[in-house]
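Novice: using only what follows, build the 3D model:
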Amino acid sequence: MRHRVAGKKLNRNSSHRKALSRNLMRAMIIEWQGKGHIVTTKTKAKYIQPQMEKMISLAREKTVHNIRRAMAVIGDRDVVQVLFDEIGPYYQQRPGGYTRILRLVKPRLGDATVRAYFGFVREDDEFPEGDRRAKASAGEVVDAGEAETSQEVVSSEDQSADPVASAEVEDAPDSEGDTEEESSSEDPANEEETPKS
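Specialist: Okay, the predicted model is just below:
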């Protein structure tokens, strides 16, 4: 019986599982500067998510001890530097839930394994292909664009509804100075008769 034995074996021995988790975490941290997500199988994503969350929680406090703990798990100095310099400060005010797993619609070619999007929770997220929220956000953008164009059409209709009033406003003089200029330009004889001081 498997009493009190935690975790999944993933059909691998212990050294293979350790290498797999290290590679997946490295790929996730490297993608922080890129797309912000990786695509893997759902089982692997669920296996690696708790470990990734612990690494991000560790990176929120940059101490020598925490850096050494991360190096023992990840084993890559450049990746650990990105983790502590960029990812940790970004999630400083967030108490948890730094990553998300979303099941993708299309299975993997070859063995039809369920694929998953494993990515960071960020404000500038690009939702994966097949995610309903991607369609909803695009729909909201389209609705907002339609609302703006409808307001423009309504305002143009209001202006064209009363062409006489708009013509009167255009023909009306702005100030008294305009009337004097018009009267002087209409009658050049008046300019000659007026004495120059």
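
Novice: for the helix or strand that residue 52 is a member of, give the mean pLDDT please.
Specialist: For residue 52, the host element (DSSP states H and E) is helix 42-59. What helix 42-59 shows for mean pLDDT is 96.

Novice: output the contacting helices and strands for it.
Specialist: If contacts are counted by 3 or more Cβ pairs under 8 Å, 6 or more residues apart in numbering; DSSP states H and E, helix 42-59 sits against helix 14-30, helix 64-74, helix 88-90, strand 99-103, strand 115-120. C-beta coordinates here come from the backbone N, C-alpha and C atoms, glycine included.

Novice: what's in contact with it?
Specialist: Contact partners of helix 42-59, identified using Cβ atoms under 8 Å, 6 or more residues apart in numbering, comprise 7-8, 10, 20-21, 24-25, 28, 40, 66, 69-70, 73-74, 83-84, 87-88, 91, 96-99, 101, 103, 113-116, 118.

Novice: care to break the protein down by domain?
Specialist: 14-122, 131-161 (automatic domain parsing).

Novice: what score does the nearest residue to residue 59 once chain neighbours are set aside have for pLDDT?
Specialist: Nearest residue to residue 59, sequence neighbours excluded (Cβ to Cβ, 6 or more residues apart in numbering): residue 88, at 3.2 Å. Note on residue 88: pLDDT of 96.

Novice: could you do residue 72 as well?
Specialist: Predicted confidence (pLDDT) for residue 72: 97.

Novice: same thing with residue 123?
Specialist: 81.

Novice: next: residue 99.
Specialist: 96.

Novice: what about it, how many residues close to it?
Specialist: 17 (other Cβ atoms under 10 Å).

Novice: ditto for residue 43
Specialist: For residue 43, the neighbour count with other Cβ under 10 Å is 14.

Novice: so how far is residue 20 from it?
Specialist: 11 Å (Cβ to Cβ, to the nearest Å).

Novice: mutual contacts of the two, please.
Specialist: residue 10.

Novice: can you pull out the low-pLDDT segments for this protein?
Specialist: Filtered on pLDDT under 70, the chain yields the residue ranges 125-197.

Novice: that's a helix at residue 111, yeah?
Specialist: No. Read with DSSP: H, G, I helix; E, B strand; the rest coil, residue 111 is coil and lies in no helix.
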